[in-house]
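Undergrad: what's the 3D shape of this:
(chains A and B)
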Amino acid sequence: MSVRVRFAPSPTGALHIGGVRTALYNYLFARQQGGTFILRIEDTDQNRYVPGAEEYIVESLRWVGLLPDEGVGFGGAFGPYRQSDRKAIYREYAERLVASGHAYYAFDTPEALEIRRNDEPNFTCNHATRGGLVNSLTLPAAEVQSRLSAGESWVIRLKVEPGQEIHVHDLIRGSVVFQSNELDDKVLLKADGMPTYHLANIVDDHLMQITHVIRGEEWLPSTAHHVLLYRGFCWEDTMPRFAHLPLILKPVGNGKLSKRDGAKFGMPVFPLSWKGETPEDSFPGFREAGFLPEAVVNFLALLGWHPGGDQELFSLEDLTAAFSVEHISKGGARFDFEKAKWFNQKYIQSADNAVLATHIRPLAEAKGYRVSDDYLAVVAGLMKERVTFLPDFVEVGYYLFEPIREYDLEMLQKKWNPGMEQVFESLAAVVAPLEPYESGVLETAVKAFIQENGLKPGDVLSLLRLALAGTMKGPAVFDMAAALGPEETVKRLHQLVVQGSKVHQGVENA
RNA sequence: GGCCCGUUCGUCUAGGGGUUAGGACGCAUCCCUUUCACGGAUGAAACACGGGUUCGAUUCCCGUACGGGCUACCA
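TA: Next comes the predicted model:
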């Protein structure tokens, strides 16, 4: 039987980066096994539904390159793939469970249960308490019928039989055993007619012929209920295999990574930025922070999984080939933003200049820079070993697009002297007519000029750098001069003279 | 509280009954470079603790501690 896996997020807001990792592992497993990767939207909670979240999920998957083979917006023979569109199906299956004696109608209101919970610390609906509650197990059949037809509010609960041992075989953790006495009678169908996660999940996984359930560790405790459901439906022979992923933890402190940690630690925890109703509900994304999707994928893949060996850099194809569920770690993984940065730097460094240019283009345009693709590629080449994020190209390297905003005054003061005025005017004259105006040609000419005039290379070159970039950091001087062109180079040389004289006077006066 | 899961350098991890416990991020030092980076080299840095089992445990078993998850008509 061919492998079918699903990524089943619920559209309650922006998709957490941990969700992206879950999608990634599902995707890798499907690809590697020649299987099918399905996107199912679990929107069974009407109250938590957030408009736009579904689109966000799809756009996120698209950005990181994890396109589903089937699912909402992607077609497939097992639809619909949005659970709210499958409402009638769940009711039918829930009633089937009631008919077979594996579930029952319960009439206790949430308020009534809440009161019980407050009175009895460990109160829960289970085999021990259901006899004292209002349901189709305790009420005469006729009354159940009359309550039902009277339109009274009810839910369907799973009837967990006590005294059983439920063995779950997890692909990552091995055998996990639960005692049915400890399990509560989970609500399967809610009062609004919608299923809970538990019912919808099992029905859909069965109907969609899911073979492997790869999901977060937070689902491990309820897997016992899921097994009971498969049994109740007599689907145990085709029950999917389970793999529960370790959680992604906060960078520091205790607990799992949460939405708020982004703001708290000054880093994104979502793939794309999200604009919520309020500023507090809005979050920055990896994409907007200037990450390449390949870097995010690589980083995420290694957060909780490693194939062994010393390789750190993996393309999606590499990951597909190397992936194995057995190599997924059991312990939670701390979200290490420093490592994410390193991956991004690596991917930017090795990216093609023309490709980088397409990424820089919108950033440059946002700043009002009007430049050619060729020029952007040149900038990419000059800066890519000096940046961490995409916006750094236009921010750190702004001087490749606009005049110097500020000079490193300390350095200028140190290197400048009145004689330099003449030197740089002459240098401008030497450089202006150079042809072709290329790095090597410039270097030869400038160095000859330095030698002929008996100047100190360190002084002239430093000042030249200051003239072109304003700072002592940056690409090789002659590369910058070549990129800027003769006109701009000369202009900046003159500008330096102005600045240098100013600084010198300041020193004299002081 | 109850149930379940986990624990190798600060972090992500490899490994596995006998190893100098390996790699990567970060950090430090040095080299390269008339800048900054990149790159290269080197270094500091770990098997949570206590019992077993064993000739021998970091590795297997049991406890303890610590961490995490679940405990909703949320997913």
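
Undergrad: give the contact list for the closest residue to RNA strand B within chain A.
TA: Residue nearest to RNA strand B within chain A: residue A:457 (2.0 Å; C-beta to the nearest atom of the strand). For glycine as for every other residue, the C-beta is placed from the backbone atoms N, C-alpha and C. Applying C-beta atoms under 8 Å, 6 or more residues apart in numbering, we find residue A:457 in contact with A:447, A:450.

Undergrad: Mind doing that once more with 10 Å?
TA: If you count contacts by C-beta atoms under 10 Å, 6 or more residues apart in numbering, residue A:457 has them with A:446, A:447, A:450, A:451.

Undergrad: can you put these in a markdown table and add pLDDT, neighbour count and secondary structure?
TA: Shown next, in a markdown table, are the contacts of residue A:457 (pLDDT from 0 to 100; neighbours: other C-beta atoms under 10 Å; DSSP: H, G, I helix; E, B strand; the rest coil):
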| residue | pLDDT | neighbour count | secondary structure |
| --- | --- | --- | --- |
| A:446 | 96 | 21 | helix |
| A:447 | 95 | 14 | helix |
| A:450 | 95 | 19 | helix |
| A:451 | 94 | 10 | helix |
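
Undergrad: Kindly identify which of the residues you listed also come near RNA strand B.
TA: Contacts with RNA strand B within those, counted by C-beta under 7 Å from any atom of the strand: residue A:450.

Undergrad: Residue A:229 contacts residue A:198, correct?
TA: Yes. Residue A:229 lies in contact with residue A:198 (C-beta atoms under 10 Å); the separation is 6.7 Å.

Undergrad: Tell me which of these two has more neighbours.
TA: residue A:229 (26 against 19; other C-beta atoms under 10 Å).

Undergrad: Roughly how far does residue A:395 sit from residue A:308?
TA: Residue A:395 sits 39 Å away from residue A:308, taking C-beta to C-beta, to the nearest Å as the criterion.

Undergrad: Could you check which of the two is surrounded by more residues?
TA: residue A:395 (13 against 8).

Undergrad: which parts of stretch A:272-282 are buried?
TA: Buried residues in stretch A:272-282, counted by 16 or more other C-beta atoms under 10 Å: A:272, A:273, A:274.

Undergrad: Residues contacting it, please?
TA: A:13-15, A:20, A:50, A:52-53, A:56-57, A:59-60, A:62-64, A:259-260, A:262-263, A:268, A:283-289.

Undergrad: And the average pLDDT for it is what?
TA: The pLDDT scores in stretch A:272-282 average 92.

Undergrad: Could you list the low-pLDDT ranges of the stretch 401-510 of chain A?
TA: Applying pLDDT under 70 to the stretch 401-510 of chain A flags residues A:506-510.

Undergrad: ok, which residues in it are in contact with RNA strand B?
TA: A:450, A:456-458, A:461-462, A:465, A:472-477.

Undergrad: List only those of those residues flagged as buried.
TA: Buried residues within these, defined by neighbour count using 16+ other C-beta under 10 Å: A:450, A:461, A:462, A:465, A:474, A:475, A:477.

Undergrad: For those residues, give me CSV that also has secondary structure.
TA: Shown next, in CSV, are those (DSSP: H, G, I helix; E, B strand; the rest coil):
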residue, secondary structure
A:450, helix
A:461, helix
A:462, helix
A:465, helix
A:474, coil
A:475, coil
A:477, helix
